[in-house]
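Undergrad: build me a structure from this.
(one chain, ligands or ions: 1)
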Amino acid sequence: MTSNTSDSDSHQTQLDAIIIGAGFAGIYATYSLREKLGLKVKTFEAGGDVGGTWYWNRYPGARCDIESYHYSYSFSEELQQEWQWSERFAAQPEILAYLNHVADRFDLRNSMVMNTRIVGAKFDEAACHWVVDTDDGNTQTARYLVSGAGVLSASTLPDVEGINDFSGAVYLTAKWPQQEIDFSGKRVAVIGTGASGIQVITEVAKQAKHLTVFQRTPNYAAPIRNRPNTEQDEREFKQHYPQIRRDARNSFLGVNYPGMLPSALAVSDEERHQQYERAYAAGGFEMFAGSFGDLITNQEANDTAAEFMREKIRQRVDDPAVADMLTPKNYAYVTKRPPLETDYYETYNRSNVTLVDIRATPIEEITPNGIRTSAGDTELDVIIYATGFDAMTGPLLRINPRGESINLADHWAEGPRTNLGLTVHGLPNFFAITGPQSPSVLYNMPLAIEDHIDWLTDCISYMQEHGYQRIESTAEAEDNWVRHSAEIADATLFTGTDSWYIGANIPGKPRVFLVYVGGAANYRQICAEVAQKGYEGFLLS
Ligand code: N01
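TA: Model (predicted):
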């Protein structure tokens with residue numbers, strides 16, 4: 001279906017598909033479209049190599065918090081059998097090595113262009129193709145545009161006076177340098193106590209002369225309980241992978257925790273406490289995805305888990321005043337993404353660590369010598385920003401794809417509008433892998449990514465079989481999906497909390513819940529039905 005032409009002939013299409021990014025999504029999309037459909041594919045990656053999140057976020061302590069054998073591709077049984085994960089939760093270097101292995105094993109690099117960022121994309125109706133601009137000044141055309149730009153890849157910095165004035169070293173967890181950094185003898189600050197901050201704080205505290213943590217909102221963090229994988233773990237996974245993946249795909253989080261009970265309110269106080277103790281001791285996401293099924297829908301049930309978590313913080317932190325600062329008080333457990341940790345709370349028992357509550361004493365200014373809050377100056381050699389991302393919508397809005405009659409920034413001015421979290425009315429032949437209003441971050445990302453890529457691969461295959469060149473969601477199907485997605489979110493406790501899930505971390509971002517919380521199994525069934533009905537809700541031509 002491809003015709004090779006020169007750039008100057010705007011009605012000829014150079015490629016079948018352009019893929020944005022070479023992280024988990026871009027790697028598998030490259031494989032799937034090229035190997036299953038034989039498409040001519042080019043994948044553009046802004047980083048120097050494959051890896052996406054795991055290429056950029058190489059800060060000390062970075063590791064996944066879904067079990068390694070789950071946090072991996074399921075599409076190739078050979079790959080599943082040959083790769084060995086050394087720890088229950090893999091650290092960043094091992095995940096990056098895995099993604100490099102996948103790229104090499106399936107010979108994908110020759111379809112990839114590194115160090116090249118896609119900066120613009122416009123659908124040309126007359127030619128029925130995407131015209132895609134890259135930051136090296138080149139333009140390419142392709143029938144399909146597939147975004148693997150990620151959901152947590154557009155990093156953000158605080159809007160604070162003097163941010164460029166600091167004379168010491170500055171690092172962002174989300175864009176960590178390639179070389180190892182030695183913090184010994186240094187006075188270090190970390191701003192931000194989300195999942196990245198919690199991981200980096202714990203490691204840097206072990207090295208720094210002094211670490212000052214600037215916290216805006218405390219989190220409910222639970223122990224990850226990492227450990228080396230045993231031979232038995234490996235055998236267990238490798239012998240039963242098909243069943244394990246099936247069960248995973250049918251569970252809310254994309255990992256099946258079999259000990260879950262239906263309601264925290266249907267058991268005695270003692271049984272409830274035992275269940276929480278068991279889940280807390282088990283580690284990983286058992287505390288919320290393996291304890292009780294009503295924590296995200298019932299405030300009273302949630303209160304029991306929140307109070308259990310608060311008590312754990314009080315037990316683990318020596319100084320009651322510091323424990324109090326670290327204790328979340330005014331939002332429901334899980335409604336901000338709960339981080340996992342190893343000795344995070346104990347870190348505040350060290351004599352070289354100070355916690356500053358910047359809601360009580362706000363940061364006023366970054367000075368050449370450090371950070372000034374309303375309580376005074378902290379002199380520093382290093383500032384680490386772990387201040388998060390313009391989540392879900394940010395990566396796509398920074399490209400701002402345009403159709404003949406819309407551009408994404410205007411179309412999403414009041415929040416994202418998608419059909420199935422995958423497509424956008426007005427942007428034909430465009431697919432956003434793990435886009436807003438899909439399960440994505442509330443599911444196991446590699447599985448979420450595979451589900452989307454399998455769906456769009458089948459969709460393109462269907463188009464080829466039926467001689468279609470163009471697919472676009474109808475406005476009505478998009479309206480329905482936006483409504484459905486919001487209705488489900490409104491039935492949970494998530495929408496009552498300021499979090500990046502709802503855009504509250506970005507000043508001026510519309511307050512719209514960004515994730516489909518109806519569960520991945522329901523979601524996949526809906527997507528399958530749309531396909532079975534000949535892509536109901538889409539116009540094909
Ligand atoms: O980002 P975050 P993250 N002044 O937005 C604070 C995934 N992840 O990079 O809570 C001062 O969660 C902000 O405060 P507040 C995971 O899905 C996974 O840590 O907004 N502080 C918060 O404390 C995670 O949820 C792993 O009040 C400011 C912090 O900075 C997602 O990535 C590891 C501020 C930002 O926390 C994002 O995590 C790491 C300001 N102006 C990340 N602006 C795994 O383990 C923000 N903050 C797999």
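Undergrad: okay, and E311 sits in which element?
TA: Per DSSP states H and E, E311 falls inside helix 299-316.
Undergrad: next: A121.
TA: If you go by DSSP H and E, A121 is part of strand 118-124.
Undergrad: what pairs with the helix or strand that comes right after that strand, parallel or antiparallel?
TA: The helix or strand immediately downstream of strand 118-124 is strand 129-134, counting by DSSP H and E. Strand pairing for strand 129-134, using DSSP bridges, gives strand 118-124 (antiparallel), strand 139-147 (antiparallel).
Undergrad: can I get strand 129-134 in CSV, CA atoms only?
TA: Presented in CSV, the C-alpha positions along strand 129-134 are these (Å, rounded to 0.1, in the frame of the first residue of the first chain):
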residue,chain,number,x,y,z
HIS,A,129,-2.2,11.1,5.0
TRP,A,130,-0.5,12.7,7.9
VAL,A,131,2.3,15.2,7.3
VAL,A,132,4.6,15.0,10.3
ASP,A,133,7.3,17.5,11.2
THR,A,134,10.4,16.6,13.1
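Undergrad: quick one: name the residues of the stretch 151-300 of the chain near the ligand.
TA: Selection of the stretch 151-300 of the chain residues close to the ligand by Cβ under 6 Å from any ligand atom yields 152, 158, 173, 191-197, 199, 216-217. Every C-beta, even on glycine, is put in place using the N, C-alpha and C of the backbone.
Undergrad: 8 Å instead, please
TA: 152, 155-160, 173-174, 191-199, 214-217, 219 (Cβ under 8 Å from any ligand atom).
Undergrad: now intersect those residues with the helices, please.
TA: Per DSSP state H, helices hold the following members of these: A195, S196, G197, I198, Q199.
Undergrad: what count of nearby residues applies to the fourth one?
TA: When you say that, I think you mean I198. 23 (other Cβ atoms under 10 Å).
Undergrad: and if you look at the last one?
TA: Neighbour count for Q199, taken as other Cβ under 10 Å: 27.
Undergrad: state the helix or strand in which the closest residue to it other than its chain neighbours lies.
TA: Spatially, and ignoring its direct neighbours in sequence, Q199 is nearest to G61 (3.6 Å; Cβ to Cβ, 6 or more residues apart in numbering). G61 belongs to no helix or strand when assigned by DSSP H and E.
Undergrad: what residues of stretch 127-139 count as buried?
TA: By 16 or more other Cβ atoms under 10 Å, the buried positions in stretch 127-139 come out as H129, W130, V131, V132, D133, T134.
Undergrad: kindly apply the preceding question to stretch 350-361 instead.
TA: Of the residues in stretch 350-361, V353, L355, V356, D357, I358 count as buried by neighbour count, 16+ other Cβ under 10 Å.
Undergrad: return the residues in contact with the nearest residue to P395 once chain neighbours are set aside.
TA: The shortest distance from P395 to any non-neighbouring residue, by Cβ to Cβ, 6+ apart, is to A149 (3.8 Å). By Cβ atoms under 8 Å, 6 or more residues apart in numbering, the contact list for A149 reads I20, G21, P395, L396, I399.
Undergrad: of those, which belong to helices?
TA: Counting by DSSP H, the part of those found in helices is P395, L396.
Undergrad: of the contacts of A149 - the most surrounded one?
TA: These, ranked by neighbours (other Cβ under 10 Å): first place G21, 30 neighbours.
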